[in-house]
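In: take a look and give me a structure for this.
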Amino acid sequence: MPKPELTSDIVLDALRDIEDPEIGTNIVDLGLIYDVTIDKDRAVSVKMTTTTRFCPASAFLADAVKTRVESLEGVPRSTVELVYEPVWSPEMAELFSLGSVAK
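Out: Residues are numbered from 1 along each chain as shown. Coordinates of the predicted model:
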C-alpha cells in the first residue's frame, strides 16, 4: 500500500496546531518556522526559532514540534533545530500572513 503524500505544506498545516503559549498565535503564522525538509526516507527536519533567544518556552515548543511532526502518518523520525539567525521580529509574522515567506 502506498504511503500517504508528505509535503512541507502538510507539515506546516500540522504545526499550526501549536500555539506560542505567551502570544496565543500558532507558531507557523508567527513566522517561527524557518524551514521544513523531508528526506527520501520521509524523515522530517524543522528549523525554527522563538520570539526571543531566551524564551522560557523554547524547549516546550521544540518538543511540541517534534511530537506533532512524528504524529503524521508515515514519518519515522524528526529533528528540530532551534536557530536564532535571522533574529525573529514581528514583521516576520506579518510577511507570513501576506504569503511573502517561502515555504
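
In: do a quick rundown of the helices in the chain.
Out: For the chain, the helices defined by DSSP state H occupy 8-15, 58-70, 90-97.

In: do you know which of those helices lies nearest Ile33?
Out: Counting by C-beta to C-beta, Ile33 lies closest to helix 8-15 out of the helices of the chain; the figure is 6.1 Å. Backbone N, C-alpha and C define where each C-beta goes, glycine included.

In: could you check the angle helix 58-70 makes with that closest one?
Out: Interaxial angle, helix 8-15 versus helix 58-70 (axes from the mean of the first three to the mean of the last three C-alpha atoms, to 10 degrees): 120 degrees.

In: can you give me the strands in this protein?
Out: Ranges of strands within the chain are 33-38, 44-48, 78-82, based on DSSP state E.

In: in stretch 10-20, what's buried?
Out: The neighbour-count check on stretch 10-20 (16 or more other C-beta atoms under 10 Å) flags 10-12, 14-15, 18, 20 as buried.

In: wait, what's in contact with Thr79?
Out: 43-46, 66 (C-beta atoms under 8 Å, 6 or more residues apart in numbering).

In: reformat the helices of the chain as a markdown table; add mean pLDDT.
Out: Formatted as a markdown table, these follow (pLDDT from 0 to 100):
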| stretch | mean pLDDT |
| --- | --- |
| helix 8-15 | 97 |
| helix 58-70 | 98 |
| helix 90-97 | 73 |
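
In: now do the same end-to-end measure for stretch 39-57.
Out: Distance across stretch 39-57, first residue to last, is 28 Å (C-alpha to C-alpha, to the nearest Å).

In: chain center to that stretch: distance?
Out: 6 Å (C-alpha atoms, centre = their mean, to the nearest Å).

In: shaky segments in this protein?
Out: 1, 94-103 (pLDDT under 70).

In: can we see that at 50?
Out: 98, 100-103 (pLDDT under 50).

In: mind checking the end-to-end distance for stretch 27-47?
Out: By C-alpha to C-alpha, the extent of stretch 27-47 from end to end equals 12 Å.
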